[in-house]
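# quick one, fold the following:
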Amino acid sequence: MKRKALTVVAAVGLLATATGCGAADMTKQSSPYANAAGDGRTVTLSVQSWVGARANTAVAQYLLEHELDYRVDTVQVDEVPAWDALSQGRVDAILEDWGHPDQEKRYVADKKTVTDGGELGVTGHIGWWVPKYFADAHPDVLDWRNLNKYASQLRTPESGTKGQLLDGSPSYVTHDKALVNNLKLDYQVVFAGSEAAQITQLKQFAKEKKPFLTYWYEPQWLFNEVPMVEVKLPEHTEACATKGAEDPSTVDCAYPTTPLKKYLNTDFAHKGGKAARFLKNFRWTKEDQNEVAQMIAEDKLSADEAAKRWVKRHPDVWKGWLR
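Purely as a prediction, here's the structure:
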């Protein structure tokens with residue numbers, strides 16, 4: 001994807017408001033805590049711009065600080081550069097990766113500077129979605145072959161004479177431009193600029209009962225407020241994925257369904273003690289993640305407060321991570 005450098009004091013405030021638009025590349029900077037005390041009680045977590053990833057980091061940070069007595073720093077890094085930062089030890093862990101085979105091969109298999117940290121427990125899926133009220137009125141819109149039929153209804157000033165396919169942050173790894181071109185669809189990909197801006201637009205469309213077509217993903221708390229139905233794209237195949245890895249402009253099939261994973265810097269994985277063990281054990285459901293994400297994005301709680309409330313409600317989940 002999907003998926004924002006600062007001191008710990010400022011980190012929580014940034015997490016509550018950061019978006020993918022204009023995200024800083026922190027791969028050439030390290031945590032302000034790096035080697036500060038030399039006691040191994042510091043953890044630096046990479047945080048991506050989408051709110052689900054921020055929910056993971058918020059809860060991990062809260063528990064590391066309050067239950068395991070670590071100092072935690074969070075560093076905003078976009079999806080692909082985060083792998084380089086992780087390999088070089090500028091961050092210790094990525095808690096939500098949506099699948100980057102090239103990076104996995106380079107850093108996990110070949111260089112062995114990054115270690116698989118296990119599954120997050122959440123399955124990610126990217127697709128194209130329309131609001132349920134539009135799908136109920138026009139059921140055939142759920143087949144991509146019929147999308148051109150509705151292009152005129154989905155035009156916006158930003159898409160000109162074509163229908164609009166709304167995307168979020170330009171930093172997300174998507175195949176939408178290739179799909180529109182290869183499937184010969186009369187649509188223009190329009191970037192909202194960030195996940196937060198995209199949510200604002202989708203909520204406004206829903207309030208006015210306007211039709212829309214959007215790049216979106218699960219898990220995401222917005223489904224609780226704006227019910228959406230997925231448009232069926234051509235079936236995802238390994239052949240399509242392999243061809244697309246070599247040349248992204250050739251992609252002509254649906255996005256895969258991806259078990260989201262965690263990755264640790266290899267030195268940290270071996271020497272990070274209780275913190276590394278905790279992050280390997282960190283595993284929750286999409287319902288857990290959405291609960292925290294909605295408190296941050298919709299209820300406007302600080303990430304720290306959202307994490308604190310979730311931790312108070314779910315000791316049966318997180319206490320197992322401390323073993």
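# distance of the closest residue to residue 62 other than its chain neighbours from residue 170?
The shortest distance from residue 62 to any non-neighbouring residue, by C-beta to C-beta, 6 or more residues apart in numbering, is to residue 307 (3.8 Å). To be clear about C-beta, it is placed using only N, CA and C from the backbone, and glycine gets the same treatment. Noted for residue 307: a distance of 29 Å to residue 170, by C-beta to C-beta, to the nearest Å.
# pick out whichever of those two has more residues nearby.
Neighbour count, other C-beta atoms under 10 Å: between residue 307 and residue 170, residue 307 has more, with 28 against 15.
# who are the packing partners of the helix or strand encompassing that one?
Per DSSP states H and E: residue 307 is located in helix 303-313. Secondary-structure packing of helix 303-313 (3 or more C-beta pairs under 8 Å, 6 or more residues apart in numbering; DSSP states H and E): helix 8-17, helix 51-66, helix 286-297.
# out of these, which comes closest to residue 140?
The closest of those to residue 140 is helix 286-297. By C-beta to C-beta, the value is 29.2 Å.
# and stretch 187-195, which residues are buried?
Buried residues in stretch 187-195, counted by 16 or more other C-beta atoms under 10 Å: 187-195.
# strands - which of these land there?
187-191 (DSSP state E).
# ok, how many other residues are close to the residue nearest to residue 181 when sequence neighbours are not counted?
Once flanking residues are discounted, residue 181 sits nearest to residue 249: 7.6 Å by C-beta to C-beta, 6+ apart. Using other C-beta under 10 Å, residue 249 has 11 other residues around it.
# now do residue 45
For residue 45, the count of nearby residues is 22 (other C-beta under 10 Å).
# so it sits in a strand?
Yes. Counting by DSSP: H, G, I helix; E, B strand; the rest coil, residue 45 falls inside a strand.
# close enough to count as contact, it and residue 95?
Yes. With contacts counted by C-beta atoms under 8 Å, residue 45 reaches residue 95, the gap being 6.6 Å.
# shared neighbours, those two?
Taking C-beta atoms under 8 Å, 6 or more residues apart in numbering as the criterion, residue 45 and residue 95 both touch 57, 60.
# quick one, helices of this structure?
Using DSSP state H, the helices of the chain run over 8-17, 51-66, 79-87, 101-103, 132-137, 176-182, 195-207, 238-246, 266-271, 273-281, 286-297, 303-313, 315-318.
# do you know the pLDDT at the residue nearest to residue 181?
Looking at residue 249, its pLDDT reads 95.
# does it touch residue 178 like I think?
Yes. Between residue 249 and residue 178 there is a contact at 5.1 Å, judged by C-beta under 8 Å.
# so how far is residue 46 from residue 161?
As judged by C-beta to C-beta, residue 161 and residue 46 stand 41 Å apart.
# these two: which is more packed in?
The neighbour count for residue 161 versus residue 46, taken as other C-beta under 10 Å, is higher for residue 46 (28 against 9).
# which ones are touching the more buried one?
Taking C-beta under 8 Å, 6+ apart as the definition, contacts of residue 46 comprise 74-77, 82, 85-86, 91, 93-95.
# tell me what it is bridged to.
Residue 46 has these beta-bridge partners by DSSP bridges: residue 75, residue 94.
# neighbours around residue 67, how many?
By the criterion of other C-beta under 10 Å, residue 67 has 15 neighbours.
# ignoring the adjacent residues along the chain, who's closest to it?
Among residues not flanking residue 67 along the chain, residue 322 sits closest, at 6.1 Å (C-beta to C-beta, 6+ apart).
# which strand runs longest in the protein?
strand 114-131.
# domain-wise, how is the chain divided?
Partitioning the chain according to automatic domain parsing yields domains covering residues 8-123+259-322, 124-250.
# for the longest one, what does the pLDDT average out to?
Looking back up the chat, that one is domain 8-123+259-322. When pLDDT is averaged along domain 8-123+259-322, the result is 85.
# name all residues that make contact with residue 134.
For residue 134, the contact set (C-beta under 8 Å, 6+ apart) comprises 141, 211-212.
# distance to residue 235 and mean neighbour count for the helices and strands packed on helix 303-313 - can I get that in CSV?
Shown next, in CSV, are the helices and strands packed on helix 303-313 (distance: least, C-beta to C-beta, whole Å; neighbours: other C-beta atoms under 10 Å):
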stretch, distance to residue 235, mean neighbour count
helix 8-17, 37, 16
helix 51-66, 26, 25
helix 286-297, 23, 21
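# so which of the contacts of residue 134 wins on neighbours?
The most crowded member of the contacts of residue 134, judged by other C-beta under 10 Å, is residue 212 (22 neighbours).
# ok, that one touching residue 128?
No. In this structure residue 212 lies outside contact range of residue 128 using C-beta under 8 Å: 10.5 Å.
# so how far is residue 69 from the residue nearest to residue 67?
With distances taken as C-beta to C-beta, residue 322 is found 12 Å from residue 69.
# for residue 239, same thing?
With C-beta to C-beta as the criterion, residue 239 and residue 69 are 50 Å apart.
# picking up where we left off before, deepest-packed of the domains of the chain, please.
The highest average neighbour count among the domains of the chain, using mean count of other C-beta atoms under 10 Å, belongs to domain 8-123+259-322 at a mean of 19.
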